[in-house]
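Visitor: fold the following and give me the result.
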Amino acid sequence: MERYVKMEEISDGKRYHSNEMAKLGCNDCEGCSECCHNVGESIILDPWDIYMLETNLSCGFEELLGKYLELKVYQGIILPHLLLDEKEGCHFLNKEGRCQIHSFRPGFCRLFPLGRIYENNSFSYFLQTKECKKERRTKVKISKWLGIPKLVSYEKYICQWHYLLKEIQERIGQMDEQALKKWNMYLLQSFFVVPYEAGDFYEQFEKRYKEAKIQIEKIVESV
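Guide: Numbering: from 1, shown residues only. This next block holds a predicted model:
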């Protein structure tokens, strides 16, 4: 979820890359799960997140909806987000407040308390200094903190997904209600509903991404 705030209000003012160190270590959270509660609808999921959940929970997108996920319109685009339980906590926490899907948790969760700042068709990381309640954090290499294999491919994918959504949002004004509905159905079907096969997620995403770039032009032209 994008935030329109001044960097100096929420960070240490630095921009980081994945090969750099930042004060992230919190001694395995020591049982704290505060960041997994009262987050509302802010944990928006992307195709990689859904792929990881489907693969590791052995279920499809429709099975996740209603139980763990919900759809909502964000700036004109329909996207999935994590549902909270009746106590406003993540459904994937156990009784001790520990994450049961830690090895395949969503990218947003892996990132915290880092954030991303997007500039010039790329992004860098920044440290959110007021979000995590733990003090005396130790320095950890960002790539290790994220724990994502093929991180270079993942970061390329993150850029492609972010700027694709931005392009769509910028073009929404050119679409009538029918065209926007058509695009949202295409986006959900192509990137979320149709499962990714076993193998390289990034190669499969790349094909869908290129096709989406073509389709958005067709939808706008048809208005």
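
Visitor: check which helix or strand covers K210.
Guide: helix 201-221 (DSSP states H and E).

Visitor: what's that helix packed up against?
Guide: If you count contacts as 3 or more Cβ pairs under 8 Å, 6 or more residues apart in numbering; DSSP states H and E, helix 201-221 packs onto helix 47-57, helix 151-171, helix 177-188. Every residue, glycine included, has its C-beta placed from N, CA and C.

Visitor: can I get it in CSV, CA atoms only?
Guide: Below are the C-alpha coordinates for helix 201-221, written out as CSV (Å, rounded to 0.1, in the frame of the first residue of the first chain):
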residue,chain,number,x,y,z
PHE,A,201,7.5,-18.3,-11.3
TYR,A,202,9.3,-15.4,-12.8
GLU,A,203,9.4,-16.7,-16.3
GLN,A,204,5.7,-17.4,-16.1
PHE,A,205,5.0,-14.0,-14.7
GLU,A,206,7.1,-12.3,-17.4
LYS,A,207,4.8,-13.9,-20.1
ARG,A,208,1.7,-12.7,-18.4
TYR,A,209,3.2,-9.3,-17.8
LYS,A,210,4.0,-8.8,-21.5
GLU,A,211,0.6,-9.9,-22.5
ALA,A,212,-1.0,-7.5,-20.0
LYS,A,213,1.0,-4.6,-21.5
ILE,A,214,-0.6,-5.4,-24.8
GLN,A,215,-4.1,-5.9,-23.4
ILE,A,216,-4.2,-2.6,-21.6
GLU,A,217,-3.6,-0.8,-24.9
LYS,A,218,-6.4,-2.8,-26.5
ILE,A,219,-8.8,-2.0,-23.7
VAL,A,220,-8.1,1.7,-23.8
GLU,A,221,-8.3,1.8,-27.6
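
Visitor: buried residues in that helix?
Guide: By neighbour count on 16 or more other Cβ atoms under 10 Å, the buried set for helix 201-221 is 201-202, 204-205, 208-209, 212, 215-216, 219.

Visitor: same deal with stretch 55-66?
Guide: 61, 64.

Visitor: end to end, how far does it reach?
Guide: 18 Å (Cα to Cα, to the nearest Å).
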